[in-house]
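S.K.: predicted coordinates and the sequence they were generated for:
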Amino acid sequence: MVDKQFPEINFRREVHSSLDAFDPVEWDQLAGNDNPFCLYAFFKALEQSQAITSHTGWSPQYVSVYQNDKLIAVAPCFIKSHPMGEYVFDWSWADAYEAHGLDYYPKLVCAIPFTPVTGPRYFIHPSADYHIVSALLLEQVEALARQYESSGFHILFPEKSEIQLPCHAELAVRQSVQFHWYNRGYSHFDDFLASLTSRKRKSIRKERKSALENDVTICVKEGENISEDDWRQFYCFYRNTYLKRSGHEGYLNETFFMHLGVTMPNNLVLICGMRNEKIVAASLFLRSSSTLFGRYWGCSEEHNHLHFELCYYQGIEYCIENQLTVFEAGAQGEHKLIRGFEPIWTYSLHKLFHPQFHSAIEDFVDREKQHLDLYKKDAEKCLPYKHTAES
């Protein structure tokens, strides 16, 4: 079928409910081959482990564009029946709909499930016309949302360049704050410490020393050196962390982690706390060629400051040793500030089909941003760097 808006270019749009419709190599060419959460293997692990199904409230709808029968773009979308696993919190919007006798669910999200990491949400072939194809994807995303009688659609953690697309001009832009660490050419961890105020240096050294008391040692495992037994143990940690924090076993299962271990070894780093030759705590990271992403943590024994050691300080050391430029340690967490993680903006895009409610959220995100601007400025004042203290 020829697209009506651009008939001379032979565009065709389709929506697929399974990754089986795609060739892995073609998908990764569109996704860019670097951000690990955009790769075919990551989505396949979610699909194979049944983490994304209608039963879990994440029903896959991969919006696709073809030109002359060649796949040139994909937008990973999901029909959602709840707000969980998104990390962009719209519970108050859902409550407002309910208070007015309206259904907020289903809704459509264009996102990486369970992953608050900025990255492309439109995977577009580099030879394609970016603006035209983006407009085609957005048009199909909106049509799909209306087809499912959704309240609207939401694009979560897109890149800033996607925010600025002309086709997104009528969407509400929401901002939030995360905390990222930046490698400013450090050769050793002590170089990083040297950039901090004396009091913060002493505090971090004290925490690191405390974490390794009681005969705790650190072991860094990468790729194929992470065994099936390691994955089983780590899944137990992951599950227990969610049980303690949220009362459920988490969004992911053991099959998911096992699948990652087989299909994405070059992107995986597991940093373990060992005692008596057993893993007693671990933190899982994914990596690209430039960035380390902290994702999950858990333990079977409580040790002072071991969480900070495995989730933050070891990650910083890994970035320095491997010349990675950015360390994203996950959503939220003001406690990261005093450990050198800087506040940065993240974004999301929103369209509600009810005109009055869409106007209301436009007003809401404008007012929210005013508060966040002040929050981000205050957070920057809490950074431990010498230049911050001097300014």
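M.R.: Arrived safely, thanks for sending.
S.K.: what's the local residue count around residue 143?
M.R.: 12 (other CB atoms under 10 Å). All C-beta atoms are positioned from the backbone trio N, CA, C, and that covers glycine.
S.K.: okay, and it sits in which element?
M.R.: Per DSSP states H and E: residue 143 is located in helix 130-147.
S.K.: could I get the average pLDDT for the helix or strand just after that helix?
M.R.: The C-terminal neighbour of helix 130-147 among helices and strands, as given by DSSP H and E, is strand 152-156. Strand 152-156 carries an average pLDDT of 98.
S.K.: the helix holding residue 143 - contacts with which helices or strands?
M.R.: strand 11-16, strand 58-67, strand 70-80, strand 107-110, strand 123-124, strand 152-156 (3 or more CB pairs under 8 Å, 6 or more residues apart in numbering; DSSP states H and E).
S.K.: that one: which residues count as buried?
M.R.: For helix 130-147, the buried set under the neighbour-count rule, 16 or more other CB atoms under 10 Å, comprises 132-138, 140-142, 144-145.
S.K.: check stretch 245-262 too.
M.R.: Result for stretch 245-262 [16+ other CB under 10 Å]: buried residues 250-254, 256-261.
S.K.: and residue 364, how many neighbours?
M.R.: Neighbour count for residue 364, taken as other CB under 10 Å: 18.
S.K.: ok, now how distant is it from residue 356?
M.R.: Applying CB to CB, to the nearest Å, the value for residue 364 to residue 356 is 13 Å.
S.K.: so what sits opposite residue 285 in the bridge?
M.R.: residue 269, residue 294 (DSSP bridges).
S.K.: wait, isn't it in contact with residue 294?
M.R.: Yes - using CB atoms under 8 Å, residue 285 is in contact with residue 294, at 5.4 Å.
S.K.: could you give the mean pLDDT of stretch 91-110?
M.R.: For stretch 91-110, the mean per-residue pLDDT is 97.
S.K.: might you list the low-confidence residue ranges for the stretch 1-150 of the chain?
M.R.: Applying pLDDT under 70 to the stretch 1-150 of the chain picks out residues 1-9.
S.K.: wait, what's in contact with residue 110?
M.R.: The contact partners of residue 110, taken as CB atoms under 8 Å, 6 or more residues apart in numbering, are 63, 75-78, 121, 141, 153-156, 158.
S.K.: with neighbour numbers in mind, choose between residue 285 and residue 294.
M.R.: Neighbour count, other CB under 10 Å: between residue 285 and residue 294, residue 285 has more, with 27 against 23.
S.K.: what sits against that one?
M.R.: Residues in contact with residue 285 (CB under 8 Å, 6+ apart) are 268-271, 292-295, 315, 318.
S.K.: residue 46: which of the residues you listed is nearest?
M.R.: Among the contacts of residue 285, residue 295 lies closest to residue 46 (CB to CB), at 13.2 Å.
S.K.: please name the nearest non-neighbouring residue to that closest one.
M.R.: For residue 295, ignoring the flanking residues on the chain, the nearest one in space by CB to CB, 6 or more residues apart in numbering is residue 284 at 5.3 Å.
S.K.: pull the number of nearby residues for that neighbour.
M.R.: By the criterion of other CB under 10 Å, residue 284 has 25 neighbours.
S.K.: same check, this time on residue 238
M.R.: 24.
S.K.: which residues sit in contact with it?
M.R.: By CB under 8 Å, 6+ apart, residue 238 lies in contact with 250, 252, 257, 284, 296, 298.
S.K.: hang on, the earlier thing: highest mean neighbour count out of the helices and strands packed on helix 130-147?
M.R.: Of all the helices and strands packed on helix 130-147, strand 107-110 has the most neighbours on average by mean count of other CB atoms under 10 Å, namely a mean of 27.
S.K.: how does this protein divide into domains?
M.R.: Following automatic domain parsing, one gets these domains for the chain: 7-178+345-380, 184-324.
S.K.: where's the first one relative to the chain centroid, distance-wise?
M.R.: For domain 7-178+345-380, the separation from the chain centroid amounts to 12 Å (computed by CA atoms, centre = their mean, to the nearest Å).
S.K.: report pLDDT for residue 332.
M.R.: 79.
S.K.: secondary structure class for the closest residue to it other than its chain neighbours?
M.R.: Spatially, and ignoring its direct neighbours in sequence, residue 332 is nearest to residue 178 (7.4 Å; CB to CB, 6+ apart). The local conformation at residue 178, judged by DSSP: H, G, I helix; E, B strand; the rest coil, is strand.
S.K.: got it, and residue 213?
M.R.: Under three-state DSSP, residue 213 comes out as coil.
S.K.: that one touches residue 309, doesn't it?
M.R.: No - taking contacts as CB under 8 Å, residue 213 lies outside contact range of residue 309: 11.0 Å.
S.K.: higher neighbour count, the two?
M.R.: Neighbour comparison, residue 213 and residue 309: the larger count goes to residue 309, with 25 against 11 (by other CB under 10 Å).
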